[in-house]
Structure formats: structure tokens, C-alpha cells
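Student: sequence and predicted structure below; questions after.
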Amino acid sequence: MFYWMTIMFSQTLGTALGDWTADTAGLGYGGGAMVFSALLALVVAAYCWTTLSRTLLFWSAFILTRPLGAVVGDFLDKPVAAGGLALSRYSASIALLVFIVACIVIFWQRAAKQGH
């Protein structure tokens, strides 16, 4: 039940929060992306330099990715007059695919030396 409630809230409220940040709060798509990227960076820093619950950090990162995705998605496919790049959905999807593959190649994973 916790899992599905988290999915529901992160998808619905995350998208709304991303839209609110970009539009209503007036930060635009770039500003919204920077806010959520900075919050994710704080989660990464907490993971690296604190002993906070890994479960809490995972769910924090999971929830923050939705508004970030909404803002970046809007930035890629909204008209230039609205602050976007006006890419087609296919072009935006290809751009995201290239970004994901680049991240996988650059930030490759290796087995842990000991269990967490």
C-alpha cells in the first residue's frame, strides 16, 4: 500500500509541483530544473556524507525525479515563445535517450566491496 500511495502522490503531485514551479512561481523551465536538480544533489550529498536512512534517501530521490522530469519534458517540447525548445516528441525522446545512455556510460556501476 505504501508503494502505490507513493507512486500515486509522486506522479500526480510531482507533475503538478513541476508545473507550478515553472509557471505559477515564475521560475521558468530552467529555474524549475535547477531547483529540483539542487534538491537531488542534496539527497546525493546526504547519501555520501551522512548516515541518514538509505530508504528515506531513496524515496526522497524517487519523489524529486517526477517534478524534475515534468519541468525538463516541458522545456524540451513547449514552444520557444513559452520558454521551451519546441522539439517534437520524437526529438525530445531521442534527446532524453542519448542523455540516459551517456549517463550510463559515464557513471558506470561497480560491485560494492561490502554490503550496506
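Tutor: Arrived safely, thanks for sending. Residues are numbered from 1 along each chain as shown.

Student: export the helix or strand hosting Val105 as PDB, just CAs?
Tutor: Using DSSP states H and E, Val105 sits in helix 89-106. Below are the C-alpha coordinates for helix 89-106, written out as PDB (Å, rounded to 0.1, in the frame of the first residue of the first chain):
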ATOM      1  CA  ARG A  89       8.000  14.400 -29.100                       C
ATOM      2  CA  TYR A  90      10.200  12.100 -31.100                       C
ATOM      3  CA  SER A  91      13.200  14.500 -31.000                       C
ATOM      4  CA  ALA A  92      12.700  15.100 -27.300                       C
ATOM      5  CA  SER A  93      12.600  11.300 -26.700                       C
ATOM      6  CA  ILE A  94      15.800  10.800 -28.700                       C
ATOM      7  CA  ALA A  95      17.500  13.600 -26.700                       C
ATOM      8  CA  LEU A  96      16.500  12.000 -23.400                       C
ATOM      9  CA  LEU A  97      17.600   8.600 -24.700                       C
ATOM     10  CA  VAL A  98      21.000  10.000 -25.600                       C
ATOM     11  CA  PHE A  99      21.300  11.700 -22.200                       C
ATOM     12  CA  ILE A 100      20.300   8.400 -20.400                       C
ATOM     13  CA  VAL A 101      22.800   6.300 -22.300                       C
ATOM     14  CA  ALA A 102      25.600   8.900 -21.800                       C
ATOM     15  CA  CYS A 103      24.900   8.800 -18.000                       C
ATOM     16  CA  ILE A 104      25.000   5.000 -18.000                       C
ATOM     17  CA  VAL A 105      28.400   5.100 -19.800                       C
ATOM     18  CA  ILE A 106      29.900   7.900 -17.800                       C
END
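
Student: buried residues in that helix?
Tutor: Buried residues in helix 89-106, counted by 16 or more other C-beta atoms under 10 Å: Ala92. C-beta: built from backbone N, CA, C; applies to glycine.

Student: what sits against Ser60?
Tutor: Val43 (C-beta atoms under 8 Å, 6 or more residues apart in numbering).

Student: swap that for Leu40, please
Tutor: Leu40 sits next to 61, 64-65, 68 when contact means C-beta under 8 Å, 6+ apart.

Student: got it, and Leu85?
Tutor: By C-beta under 8 Å, 6+ apart, the residues touching Leu85 are 75-78, 92.
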